[in-house]
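Asker: only the shape, not the letters, is given here:
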């Protein structure tokens, strides 16, 4: 069954991610477009470097062509934010990206974008899932095309113009360059290490930073559908080589992006891994203090409350939303927030796209170093001196279907809680279970919307307190990491 999570539809290649399902999903979206009367404007589709990504676009093109919907096919592997930008700029109602983002290499998937370049929200994805029921009945594979790649139908579509191959990278890069203080960066002669994690960010980052006269060092740039045997997620564990590289080459900053370049990870000038929470705090602080922007910030419920303290000190507000970037972008639009993000490394800034963009975020961080004339380690020290520091613990747990039902019943139906050794101020069930403590700390437990995992997050002023509370929750739920 095709079901959407917080980051689109993802499935194991050869198990759920197969030609039939890709074409059924495409047919369902085509039906939805026709029902809404927007089929005449067509759809844009892109893909990343994962196994079968380009082939999946070709299979989708066959369906849209049969339904007489023109496809603008971004014919080179591209960042997800490029597709979102294209949907927004060209005022399309729909776009698709074939990617499983930061998931392991055995996964692939599809993200759907809606008008304004936004991630499809729950209402939109439920609608697509309803059309999937019709698509299941109407779908019939053309056996004469089986095994042919590319199918002759695709080549005929190219000739007829119903599929138009495009490469709109320049317009996306020009937009980022317009928003970044390139002259400030040129004056600093910065050395930047880039780790695209075998993904799709290198051309974009290299183009922007080269134009800003940065010296660029690169690792893990080749095409590898196995992502070097690691998850293409910029975490502390996957970025150790970049840490060493930054120190060995005396770089000012190290930047890594996930498989489809909508998230980033950062190594500072001292070789320290900067958690995405710190990146968000750094950028919000930079926009407020150094660029003179005014406005609130939006974070999801698993992201640091240090943002709340920064906002409060500048007379601003921090808004909390459920996990899923569509909630962040919607709340940003509602409140006029200047930045929004999540603890997994995705963020966006007002005036850009309504979704995550690791490339723009990376360029903004480089601008921050140049404009402030301070290294990231110096700016973070400045923030710690002003606001203190919080420690966040993140743990993932696998489970059986029976265990998942047991946890959901205990937490969400019975609303049971462990005996936490701190006073509780409130409990939220907006997305999983989150317990807020009187001392400003918190702990949350929720099931991931992109992977089969239970996630527990805990943030406290002291590491030992976070570890202690996390163990209490583990024992209560009877899980082991």
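Answerer: Nice, I can see it. These numbers were taken from a predicted model, which means no experiment stands behind them.

Asker: rest of the way, CA atoms for contacts and neighbours
Answerer: Noted.

Asker: could you list the buried residues of stretch 362-379?
Answerer: Buried residues in stretch 362-379, counted by 16 or more other Cα atoms under 10 Å: 362-371, 375-377, 379.

Asker: now flag whichever of these is closest to residue 181.
Answerer: residue 367 (6.3 Å; Cα to Cα).

Asker: the closest one touches residue 186, doesn't it?
Answerer: No - counting by Cα atoms under 8 Å, residue 367 does not reach residue 186; the two are 9.6 Å apart.

Asker: give me the neighbour count for residue 279.
Answerer: Using other Cα atoms under 10 Å as the criterion, residue 279 is surrounded by 23 other residues.

Asker: so the closest residue to it other than its chain neighbours versus residue 240, what's the distance?
Answerer: The shortest distance from residue 279 to any non-neighbouring residue, by Cα to Cα, 6 or more residues apart in numbering, is to residue 266 (7.7 Å). From residue 266 across to residue 240, the span is 11 Å (Cα to Cα, to the nearest Å).

Asker: same question, residue 262
Answerer: 20 Å.

Asker: could you do residue 322 as well?
Answerer: For residue 322 relative to residue 240 (Cα to Cα), the value is 31 Å.

Asker: for the spatially closest residue to residue 118 that is not a sequence neighbour, what are its contacts?
Answerer: Distance criterion Cα to Cα, 6+ apart; nearest residue to residue 118, sequence neighbours excluded, is residue 354 at 5.4 Å. Going by Cα atoms under 8 Å, 6 or more residues apart in numbering, residue 354 touches 84, 116-119, 329, 348.

Asker: tell me where the stretch 351-481 of the chain is predicted with low confidence.
Answerer: For the stretch 351-481 of the chain, the stretches with pLDDT under 70 are 481.

Asker: just the strands in it please.
Answerer: 391-397, 424-428, 433-437, 442-447, 454-460 (DSSP state E, counting those that start in this stretch).

Asker: residues in contact with the helix or strand hosting residue 125?
Answerer: Using DSSP states H and E, residue 125 maps to helix 122-138. Contact partners of helix 122-138, identified using Cα under 8 Å, 6+ apart, comprise 2-4, 24-25, 27-29, 31-32.

Asker: repeat that for stretch 456-463.
Answerer: 302, 304, 389-396, 440-446, 466, 469-470.

Asker: enumerate the positions of that stretch that are buried.
Answerer: For stretch 456-463, by 16+ other Cα under 10 Å, it's 456-460.

Asker: also stretch 207-217?
Answerer: Under 16+ other Cα under 10 Å, the buried positions of stretch 207-217 are 208-209, 212-214, 216-217.

Asker: worst-scoring helix or strand of this structure, pLDDT-wise?
Answerer: For the chain, using mean pLDDT, DSSP states H and E, the weakest element among its helices and strands is helix 152-160, scoring a mean of 82.

Asker: thought residue 62 was touching residue 155?
Answerer: No - the criterion here is Cα under 8 Å, and residue 62 misses it with residue 155 at 9.7 Å.

Asker: neighbour-wise, which of these two wins?
Answerer: More neighbours surround residue 62 than the other of residue 62 and residue 155, with 25 against 15 (other Cα under 10 Å).

Asker: what score does the more buried one have for pLDDT?
Answerer: Listed pLDDT for residue 62 reads 92.

Asker: find the nearest non-adjacent residue to it, please.
Answerer: With Cα to Cα, 6+ apart, the residue lying closest to residue 62 is residue 154, at 5.9 Å.

Asker: how about the contacts made by the one you found?
Answerer: Counting by Cα under 8 Å, 6+ apart, residue 154 makes contact with 58, 61-62, 163.

Asker: same thing with residue 322?
Answerer: 300-301, 430-431.

Asker: ok, the buried residues of stretch 362-379 vs residue 226, which is closest?
Answerer: residue 362 (24.3 Å).

Asker: not counting its neighbours along the chain, what's nearest the closest one?
Answerer: Nearest residue to residue 362, sequence neighbours excluded (Cα to Cα, 6+ apart): residue 255, at 6.8 Å.

Asker: residue 50 contacts residue 105, doesn't it?
Answerer: Yes - in this structure, residue 50 is within contact of residue 105 by Cα under 8 Å, at 7.2 Å.

Asker: list residues touching both of the two?
Answerer: residue 225.

Asker: pick out whichever of those two has more residues nearby.
Answerer: residue 50 (27 against 22).

Asker: shaky segments in the stretch 51-200 of the chain?
Answerer: 140-152.

Asker: where along it do the helices fall?
Answerer: Using DSSP state H, counting those that start in this stretch, the helices of the stretch 51-200 of the chain run over 53-66, 80-89, 122-138, 152-160, 169-179, 182-186.

Asker: out of residue 266 and residue 240, which sits in the more crowded spot?
Answerer: residue 266 (31 against 16).

Asker: and the more buried one, how far from residue 303?
Answerer: 17 Å.

Asker: restricted to strands, list the contacts of residue 354.
Answerer: Among these, the ones falling in strands (DSSP state E) are 118-119, 348.

Asker: closest to residue 249 out of the residues you listed?
Answerer: Distances from residue 249 to these, taken by Cα to Cα, are shortest for residue 348, at 29.6 Å.

Asker: over to the residue lying closest to residue 476 once chain neighbours are set aside: give its phi and psi.
Answerer: Closest residue to residue 476 apart from its sequence neighbours, by Cα to Cα, 6+ apart: residue 418 at 5.7 Å. Main-chain torsions, residue 418, degrees, to the nearest 10: phi -70, psi 170.

Asker: surely residue 94 touches residue 114?
Answerer: Yes - with contact defined as Cα under 8 Å, residue 94 counts as touching residue 114 (4.7 Å).

Asker: quick one, helices of the stretch 301-450 of the chain?
Answerer: 306-313, 325-335, 358-372, 376-387, 401-408.

Asker: give me the distance between the closest residue to residue 331 other than its chain neighbours and residue 343.
Answerer: Among residues not flanking residue 331 along the chain, residue 298 sits closest, at 7.0 Å (Cα to Cα, 6+ apart). The spacing between residue 298 and residue 343, counted by Cα to Cα, is 12 Å.

Asker: likewise for residue 292?
Answerer: With Cα to Cα as the criterion, residue 292 and residue 343 are 25 Å apart.

Asker: what about these two, which has more around it?
Answerer: Of the pair residue 292 and residue 343, residue 343 is the one with more neighbours under other Cα under 10 Å, namely 22 against 9.

Asker: please identify the most buried of the helices of the stretch 51-200 of the chain.
Answerer: Ranked by mean neighbour count under mean count of other Cα atoms under 10 Å, the helices of the stretch 51-200 of the chain are led by helix 80-89, which reaches a mean of 24.

Asker: what does that one contact?
Answerer: 44-48, 93-97, 113-118, 168-169, 172, 260-262, 353-357.

Asker: do stretch 469-478 as well
Answerer: 393, 407, 417-421, 443, 456-458, 480.

Asker: just how off-centre is that stretch within its chain?
Answerer: Distance of stretch 469-478 from its chain centroid, counting by Cα atoms, centre = their mean, to the nearest Å, is 28 Å.

Asker: in it, which residues are buried?
Answerer: Per 16+ other Cα under 10 Å, stretch 469-478 contains these buried residues: 469-470, 472-474, 477.

Asker: let me have those in TSV, extended by distance to residue 223.
Answerer: Converted to TSV, these look like this (distance: Cα to Cα, whole Å):
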residue	distance to residue 223
469	42
470	39
472	44
473	41
474	39
477	41
